[in-house]
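S.K.: okay, sequence plus prediction incoming.
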Amino acid sequence: MTPAPVIIAVDGRSGAGKTTLAVELAARLRQHHKVSLFHLEDIYPGWNGLMPGIERYVATVLAPLSDGVAAEWTSWDWEKHYDGGLNVTLPAEIVIVEGVGAAADAARPMLDAVVWVEASGDERRRRALTRDGSTYEPYWDSWAAQEDEWLSTDQVISAADIHVKNLADGNAPDDVLRTLMYLPSVASILSPELSARRGLQLRSERLEAAPDAALLFETLYGRSTNAVWLDSSNASAVAGRSQAAARSRFSILADDGGTFGQSVMHRSGATQVTAGSASVTTSGPFFRWLDSVWGRRAVRAPRGYDGQFTLGWLGYLGYELKRETGGNDVPADTPDAALLFAGRAVVMDHREQTVWLLALDASDAGEWMREARTAVEAAAAGPVSSVAGSLSAEPAGGPEFVSRDSATDYKRKIADSQHEISEGNSYEICLTTTLEAAAGNLDPWSSYLALRRRNPAPFASYLRFGELVVASTSPERFLRILSDGGMRAEPIKGTRRRSSDASEDVALRQDLETSLKDRAENIMIVDLLRNDLSHFAIPGSVTVSRLCAIESYATVHQMVSTIDAHLRPGAPRAEALAAAFPAGSMTGAPKISTMDILDQLESGPRGIYSGAIGYFSLNAATDLAVVIRTLVVNPDGAGGRTLSLGVGGAITADSVADDEYEEIRTKAYGVLSTLGADFPG
């Protein structure tokens, strides 16, 4: 008897492409493992024998193989329509079983992974009849009826670990192999494949160019289902080497195309990773999953490249991930996290007026770099994008927003917050609400271009994950961790509107600068973040390099502080991030008890708002912004789309309800006015 093998079942309806997928997958795995392959079509007892065949397969093939024993089974002679000879399938490190019913209910307890292969009915019929010709054609309908009967009582599709939309383009085997690596049940045996994947080489090219970023993004990623633009949209306004200029130096444009491209969605403890045509779902906390894919230095930065992003994951983490960091479990309408893995990307260095093309070495890397170079040159030589140019005028009538809380309700909740503070349950409560509207025919891309023009910000971003779009003009950094372990948080607390009258604008800035209340709010969050960073920082490394400084943006003045620290060598970076999540500037202090109060006060989930947007780089760096000043466009499940905008402010014992309500109106103004919309109520 040999040790029990890892058994992978490849199942699906007839003609879905299971056999080709299984054969090609076995060929790839044989580079590092002994592999046995079994086809169920060899054991079905005739054209009406689906269910008896499954029973034979489970009893005579799968049961012995799962115990590490050779399987002796009787084949079916399709020409004589009777039992054929006795056959033997030997156990191996990995056994692949494929065919209709390979992962049937009776089989699943003995399987380590189930792959379900899908294709349209017409395509399946065409493939099957092309393969088997006239032999199969008279039996197609009766066999399909047997499949329907089996699937009516067997939950194999929902029970599958990996789902494959087989386009028969040759990519499915590699896609399945990539997703198999996320399954704990098979990951250990795939260590050679994982090691090969971690031996990544980074290709790069530096271009002397300053392209129009919007036009470049449209050209390269306008048709991508998933794409991310981390957009330092205020770069032109902050020249030099100041802190503000450093925050706005780089922009990153990427999608999940190419050999290494993947995307991930996390909802309430379930993480779905999609690699090309294959998707796999695993259960467990998101930050534990993040730790498994990020935090180790996998590539080196190119010579002369000052950016921290060297390809990796980009996207957002929603506020409701607080369930993993001491908060309550509150379901949201949007995924709790959405990321894409960019195996190639364009990075714009605004200070040096250069563009870097980055790509992991693969068979398609050279072609992509040529295409990207052409797109950069065209975007540098041509006019600004036509969409951006068409938005110079004020929009004519925008969406009609409604607020989750009326003015009266919000002010009552301010009083409730102050009661909690007086009872000693919190020092500061960041109370938020949500504005919502029907999206109608609003174009998210055009809207984002208008937002970035009207309210440029260092952490602006445009994220598209299918029909879910996030358009942000955030000025606030949540957390940066450099490749060498340097950490920085830059919370914002304290806001005043801008004025077109110069003297009034100066007075508003001075009012913020001298406000004892705003200063107290800011210092409380600074103390909270010092504690958050200290959990994984080298003792004594936590410092406050800037306290209550005033920064001015297109529509607001804001009070900003900077907390620095250095990560302990070997500390898990995903856990260090989790220790600080969500941003203290969006919760209040102390964090855990205040989040519990907020769940009682607020009338629904925050979703993406109050979370974080940014990247997780292959050199173990991350840079994340707080999700504020952010418009979210989300499918409503009924064929339409909703717009949402979160707004809020910090409540202390000294807060004045009318002033706090005016502050959330001020914060919403930049987005609403761009859309031609008014604050509701």
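M.R.: Perfect, I can see it now.
S.K.: can you pull out the strands in the stretch 51-200 of the chain?
M.R.: Assigned strands in the stretch 51-200 of the chain, in chain order: 71-77, 82-89, 94-98, 113-118, 162-165 (criterion: DSSP state E, counting those that start in this stretch).
S.K.: can I get the ones you listed in TSV with mean neighbour count, mean pLDDT and distance to W140?
M.R.: Any C-beta I mention is one placed from the backbone N, CA and C, and that applies to glycine too. Listed next are these as TSV, based on neighbours: other Cβ atoms under 10 Å; pLDDT from 0 to 100; distance: least, Cβ to Cβ, whole Å:
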stretch	mean neighbour count	mean pLDDT	distance to W140
strand 71-77	16	93	18
strand 82-89	12	91	22
strand 94-98	26	97	19
strand 113-118	23	97	18
strand 162-165	22	96	22
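S.K.: among the ones you listed, which comes closest to G240?
M.R.: For the strands of the stretch 51-200 of the chain, distance to G240 was read as Cβ to Cβ. The smallest value, 49.9 Å, belongs to strand 162-165.
S.K.: list the neighbouring strands of that closest one plus their orientation.
M.R.: Using DSSP bridges, strand 162-165 pairs in its sheet with strand 113-118 (parallel), strand 278-283 (antiparallel).
S.K.: A128: which of the ones you listed is closest?
M.R.: Closest to A128 of the strands paired with strand 162-165 is strand 113-118 (Cβ to Cβ; 12.8 Å).
S.K.: just to revisit the earlier point, including distance to H557, could the strands of the stretch 51-200 of the chain go into a markdown table?
M.R.: Converted to a markdown table, these look like this (distance: least, Cβ to Cβ, whole Å):
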| stretch | distance to H557 |
| --- | --- |
| strand 71-77 | 74 |
| strand 82-89 | 73 |
| strand 94-98 | 62 |
| strand 113-118 | 54 |
| strand 162-165 | 50 |
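S.K.: now for these, which one comes closest to H266?
M.R.: Smallest distance to H266 across those (Cβ to Cβ): 16.8 Å, for strand 162-165.
S.K.: pull the distance from that closest one to the chain's centre.
M.R.: Mean C-alpha position of strand 162-165 versus that of the full chain (Cα atoms, centre = their mean, to the nearest Å) differs by 19 Å.
S.K.: list the helices and strands the host helix or strand of S472 packs on?
M.R.: Following DSSP states H and E, one finds S472 within strand 468-474. On a contact count with 3 or more Cβ pairs under 8 Å, 6 or more residues apart in numbering; DSSP states H and E, strand 468-474 meets helix 444-454, strand 459-465, strand 612-617, strand 622-626, strand 630-635.
S.K.: returning to that earlier point: distance to E476 added to the strands paired with strand 162-165, as JSON lines?
M.R.: Below are the strands paired with strand 162-165 laid out as JSON lines (distance: least, Cβ to Cβ, whole Å):
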{"stretch": "strand 113-118", "distance to E476": "42"}
{"stretch": "strand 278-283", "distance to E476": "32"}
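S.K.: what's the closest of these to H81?
M.R.: Among the strands paired with strand 162-165, strand 113-118 comes nearest to H81, with 27.7 Å by Cβ to Cβ.
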